[in-house]
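Colleague: how does the following fold in three dimensions:
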Amino acid sequence: QVQLVESGGGLVQAGGSLKLSCVASGRTFNSYAMGWFRQAPGKEREGVAAINWSGGSALYADTVRGRFAISRDNAKNTVYLQMNNMQPEDTAVYYCAAVLGTALRLYEYEHWGQGTQVTVYS
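Modeller: Presented below is the predicted three-dimensional model:
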């Protein structure tokens, strides 16, 4: 079992940046692919970005590609989401998630954090 705790959310003006962090408990962090998801009010949860166990491969949703960057530091059991040129449509609760194994995907994750609110104003 892995527990995930997100931080770094907040209020940002359109065009600005935020960096989210997610710290995982346990000693097998590098056995998990990690992902970031978001859910805006009244909308379905959306996969934003994923990264494989080593950090060597990443996957992005079309809506964020070129603006967001996912990374991880296995020594710190932490995954990050750097968000640049943010827009009001990026407003959502952002969730960190983990799935055991080597698959790189934006669905069927096993463990979830509690979420952190991100609000972008124009």
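
Colleague: how about Gln82, what does it touch?
Modeller: Going by Cβ atoms under 8 Å, 6 or more residues apart in numbering, Gln82 touches 17, 19, 68-71. Glycine gets a C-beta too; all of them are placed from N, C-alpha and C.

Colleague: how close does it get to Val48?
Modeller: 12 Å (Cβ to Cβ, to the nearest Å).

Colleague: what sits in contact with each of the two?
Modeller: With Cβ under 8 Å, 6+ apart as the test, Gln82 and Val48 both reach Phe68.

Colleague: most neighbours of all the contacts of Gln82, which one?
Modeller: Neighbour tally across these (other Cβ atoms under 10 Å): the maximum, 23 neighbours, falls on Phe68.

Colleague: surely that one meets Leu81?
Modeller: Yes: Phe68 is in contact with Leu81 according to Cβ atoms under 8 Å; the separation is 6.2 Å.
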